[in-house]
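Q: what follows is a predicted structure for the sequence shown.
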There are 2 protein chains.
Amino acid sequence: VSDPAAKSIPKGTLADIGEFGLINALRERLSTEDAQPDVLLGSGDDAAVVAVASGSVVITTDVLVQGVHFRTDWAPAYDIGRRAAAASLADIAAMGARATALVVALAAPADVQVAWATSMADGLRDEAALVGASVVGGDVARSRELAICVTALGDLEGRAPVTRSGAQVGDVVAVCGRLGWAEAGLAVLSRGFGSPRALVDAYRRPDPPYAAGIAAAVAGATAMCDVSDGLVADVGHIAAASAVGIDLRSAAFEVPEPLRAVAAAYGTNPLEWILSGGHDHAMVATFPPSTDLPDGYVEVGEVKDFEVKERAGGRVSVDGETSERPGGHVHF
Amino acid sequence: VSDPAAKSIPKGTLADIGEFGLINALRERLSTEDAQPDVLLGSGDDAAVVAVASGSVVITTDVLVQGVHFRTDWAPAYDIGRRAAAASLADIAAMGARATALVVALAAPADVQVAWATSMADGLRDEAALVGASVVGGDVARSRELAICVTALGDLEGRAPVTRSGAQVGDVVAVCGRLGWAEAGLAVLSRGFGSPRALVDAYRRPDPPYAAGIAAAVAGATAMCDVSDGLVADVGHIAAASAVGIDLRSAAFEVPEPLRAVAAAYGTNPLEWILSGGHDHAMVATFPPSTDLPDGYVEVGEVKDFEVKERAGGRVSVDGETSERPGGHVHF
C-alpha cells in the first residue's frame, strides 16, 4: 500500500479541473509502484489487458449509489472506496477465485471536490491491494448524483468455480467472517450516533474474509456465496439454486458484545441482525459432512431435503421454523 | 438475435415488480438460446465465468448517464441499450480483440417502466450478438437518475493488443466507419427536429465497424483507437501516447450528402462534424506505409515527427495547420 500523502491532490471541484484533469488525478492515485504481474496493459488506452493463466476469468459488477448504498455524511470518501471495492472483491472470493483486477466507473456531480474523488480512489486501490489486485481502468462522467460502478475480475487458478447450486442434502453450512456488525452500525448511524465505533466502522469499511473463499474451494465446498443480502436471504439463494432446504441453528451464533449492547439499548434482538444483516460480506458455504472446515469457519446449520409440493414456507428455517425476514436492502 | 416479442414483459414500474422481479425480467431477456461457447457460467451467481483461451483478457468499462450521454425523449430504450453496448464493444474492437461478454449495471428511479428496462436489455443483447458476445451478469440499484454501466471483456486470440502508443513517423493514418453522422444527428435532435432520419438514427444507434478492429490488428496496425471523442481528439491521443505528430488531409474526407444538406441548413461546415464529432465509434489506426489497408479503411493522414520543444501548437494538424477543436463531450 503506497502512501497517499506522497501524491498531490488537486484543489477545487471536478468542474475546476475538468474531465481529463480528473482522469489524470485518479490515474496518479491508482497507479501502483509494485509490479503487478496480472496487469499486462494498465489504464490509459481503450481497454486494459489482464493476464489469465487458467483458461477462464471470473467477472462481477456492482453499482453503489449515493443515498442508497452510501452516504457521504456517514462515511469518509476513503471508506466509501474501500466498501465499493469490497462488494465486488467479495463476490470474486465467493466463487473460490483470486481477484486480479478492477475497473471503476465514477458518475459524479461537477461540484464534488477533487479530494473526495481521489480519496475514494485511494480506498479502491488499498482494498484491492489486500488481495493483490489493482485498478486497471475506468471511466468518469458527470451526473446529478454520485454513483460508483466496480467490476472485478478473478482467476480460478485451475479450480472449478464454487457456485450456489451444488449444496447436497446432509452437507454442513458454515460461515466465516462477521455477521450483523454492518447492519448494527447502520442502525447506529441511522439514529444519528457515531458509536460504538466498532459497529460504525464495520458498516463504513467491511472486512470480508477474502482468503476464506479460496480456502473453502480448496477444502471442497459444494456451494458458496458472500453474505451481502443477509444470511437467511443468502443461504436462501443457495437453497433455491441447489433445490434443497437449509436449517440454521441459532445457538451456533455467538453474539458479540457490541451487538448485544446496542441491541439492548435499541430494544432489538441482536440475533436478527446476525441472521438478516447485509453488508459484512462474510462467506457462507456448504461442505460435505466429513469435511475438516477451513480455519475461521463455524458450522451454523445443515442442508435438508426440501420438496416444494410437500412443505409450505420458505426453504430456510432457523431451529426448524421458517419465518419471513427482511433480506438486506431491497431496491425499488 | 431472438425475437423480443416472444418473451413476456411485466407491466408497470420497477417499484411494482421490485428488485428481484426486475432481475428476473432482465435475465429472461438477456438469456440467449444459442450455445455461447465463451460463457462457462452465466448470470445468477456471485459472478460469471467466461472462457479465455489465449492467456489474457481485455476489459473496458463505460458509464452512460441520462441527460448527459442519452435522453429518454430522444431515443427509444432499445436504441439506448444498443448504444450503451456499442460504446464498450467498440473499445474492445479498438484493441484488436474479439468481444466475448458484457456485464451491465443499471441504476434507475423506481418509477421507470419495466418495459423500458427490458427494451434497453434487448438492445444490449442484440448489439452484443453482432459480435458473438453475450451479457453474462449485472446489477440493479435504485437511483434518482438513470445510468447504465457496461463492462466488456475481449479475447486477443493470441494477437498483441494494438495500443495507442505504437504509431511511427511515416505511418499512414486510416479510418474505417462513419464520422460526423452521430454529431450531426445530435445537432438535429438538439434543435427539436427528427430528420434527416439517417443522421438521427446514426446518433441513436451507432454502427461501429467492429470487424475492422481485428482486421487492422491482423494487417499490422501500429496504433489504434475508436473515435468516441472526435477524430482530431482521438488521433491526438494516439499522437501523445506515441510521441509523434499527425497531419490529416481534409481532401481525404468525403462529405456524405445528409451531412452536407444539414450543415448547409444550419450554416455549419460539415467538415467540422467529421473532424470533431464523437459517438460514431469509427476505427482510426496507423499502419506502416507499405501496408495494404484492410477493406473499408480510407487513408486520411500521416504520422509526422513532433518535437514539443521545437513546435508550438497541438500534435494534430489538418492540412498542415493546427487549430483548437472541441473534442466531443467533455465532462465537468
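A: Noted; the coordinates are in hand.
Q: what ranges of chain A fall below the confidence cut-off?
A: Filtered on pLDDT under 70, chain A yields the residue ranges A:1-7, A:32-35, A:309-312, A:324-330.
Q: neighbours of the spatially closest residue to residue A:55 that is not a sequence neighbour, how many?
A: Spatially, and ignoring its direct neighbours in sequence, residue A:55 is nearest to residue B:52 (6.2 Å; C-beta to C-beta, 6 or more residues apart in numbering or on different chains). Just so you know, the C-beta spots here come from the backbone N, C-alpha and C atoms, and that holds for glycine as well. When neighbours are defined as other C-beta atoms under 10 Å in any protein chain shown, residue B:52 has 27 of them.
Q: do the same with residue A:254
A: Counted with other C-beta under 10 Å, residues neighbouring residue A:254 total 11.
Q: which ones are touching the residue nearest to residue A:55?
A: Residue B:52 makes contact with A:52, A:55, A:56, A:57, B:100, B:155, according to C-beta atoms under 8 Å, 6 or more residues apart in numbering or on different chains.
Q: so the second one sits right up against residue B:51, yeah?
A: Think residue A:55. Yes. With contact defined as C-beta atoms under 8 Å, residue A:55 counts as touching residue B:51 (6.7 Å).
Q: more crowded one of the two?
A: Each of residue A:55 and residue B:51 has its neighbours counted (other C-beta under 10 Å); residue B:51 has more, 17 against 14.
Q: can you pull out the strands in the stretch 1-150 of chain A?
A: Under the criterion DSSP state E, counting those that start in this stretch, the stretch 1-150 of chain A carries strands at the ranges A:39-41, A:48-51, A:56-65, A:98-108, A:134-142, A:147-155.
Q: and the last one, which strands flank it?
A: In other words, strand A:147-155. Looking at strand A:147-155 with DSSP bridges, its partner strands are strand A:56-65 (antiparallel), strand A:98-108 (antiparallel).
Q: could you report the neighbour count for the spatially closest residue to residue A:77 that is not a sequence neighbour?
A: For residue A:77, ignoring the flanking residues on the chain, the nearest one in space by C-beta to C-beta, 6+ apart is residue A:119 at 3.8 Å. If you count neighbours by other C-beta under 10 Å, residue A:119 ends up with 20.
Q: also residue A:267?
A: Residues near residue A:267, counting by other C-beta under 10 Å: 6.
Q: repeat that for residue A:273.
A: Residue A:273: 27 neighbours (other C-beta under 10 Å).
Q: swap in residue A:76?
A: Neighbour number of residue A:76 under other C-beta under 10 Å is 15.
Q: ok, and the closest non-adjacent residue to it?
A: Per C-beta to C-beta, 6+ apart, closest to residue A:76 is residue A:119, 6.8 Å.
Q: pull the contacting residues for that neighbour.
A: Applying C-beta under 8 Å, 6+ apart, the residues near residue A:119 are A:4, A:76, A:77, A:78, A:81.
Q: from the contacts of residue B:52, pick the one nearest residue B:202.
A: Using C-beta to C-beta, residue B:100 is the member of the contacts of residue B:52 that lies nearest residue B:202, at 26.7 Å.
Q: hmm, that closest one is touching residue B:53, no?
A: No. With contact defined as C-beta under 8 Å, residue B:100 does not count as touching residue B:53 (9.7 Å).
Q: can you list the strands of the stretch 1-150 of chain A in CSV and add distance to residue A:302?
A: What follows is these, written out as CSV (distance: least, C-beta to C-beta, whole Å):
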stretch, distance to residue A:302
strand A:39-41, 43
strand A:48-51, 39
strand A:56-65, 28
strand A:98-108, 30
strand A:134-142, 40
strand A:147-155, 29
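Q: and the ones you listed, which is most packed in?
A: Ranked by mean neighbour count, these are led by strand A:147-155 with a mean of 30 (mean count of other C-beta atoms under 10 Å in any protein chain shown).
Q: about what we covered before: between residue B:100 and residue B:53, what contacts are shared?
A: Contacts common to residue B:100 and residue B:53, judged by C-beta under 8 Å, 6+ apart, are residue B:155.
Q: for the stretch 151-300 of chain A, what lies in contact range of chain B?
A: A:151-154, A:156, A:161, A:163-165, A:224-226, A:241 (C-beta under 8 Å from any C-beta of the partner chain).
Q: hmm, try it at 10 Å
A: Counting by C-beta under 10 Å from any C-beta of the partner chain, the positions of the stretch 151-300 of chain A adjacent to chain B are A:151-156, A:160-165, A:213, A:223-226, A:228-229, A:234, A:237, A:241.
Q: skipping its backbone neighbours, what lies nearest the residue nearest to the spatial centre of chain A in space?
A: Nearest to the mean C-alpha position of chain A, by C-alpha atoms, centre = their mean, lies residue A:87 at 2.9 Å. Once flanking residues are discounted, residue A:87 sits nearest to residue A:62: 4.5 Å by C-beta to C-beta, 6+ apart.
Q: ok, that neighbour touching residue A:149?
A: Yes. Counting by C-beta atoms under 10 Å, residue A:62 touches residue A:149, with 7.2 Å between them.
Q: common neighbours of these two, please.
A: Residues touching both residue A:62 and residue A:149 (C-beta atoms under 10 Å, 6 or more residues apart in numbering or on different chains) are A:84, A:88, B:103, B:105, B:139, B:141, B:149.
Q: residue contacts, the spatially closest residue to the first one that is not a sequence neighbour?
A: Spatial nearest neighbour of residue A:84, chain neighbours left out: residue A:148 (4.6 Å); criterion: C-beta to C-beta, 6+ apart. Neighbouring residues of residue A:148 by C-beta under 10 Å, 6+ apart: A:62-66, A:69-70, A:80-81, A:83-85, A:87, A:104-108, A:117, A:120, A:124, A:138, B:63, B:105, B:149.
Q: now, which of the contacts of residue B:52 sits nearest residue A:286?
A: residue A:56 (22.6 Å).
Q: wait, isn't the closest one in contact with residue B:47?
A: No. Using C-beta under 10 Å, residue A:56 is not in contact with residue B:47; the gap is 11.1 Å.
Q: overlap in contacts of these two?
A: Residues touching both residue A:56 and residue B:47 (C-beta under 10 Å, 6+ apart) are A:97, A:154, A:161, B:41.
Q: burial count for the first one?
A: Just to be clear, that refers to residue A:97. Neighbour number of residue A:97 under other C-beta under 10 Å is 30.
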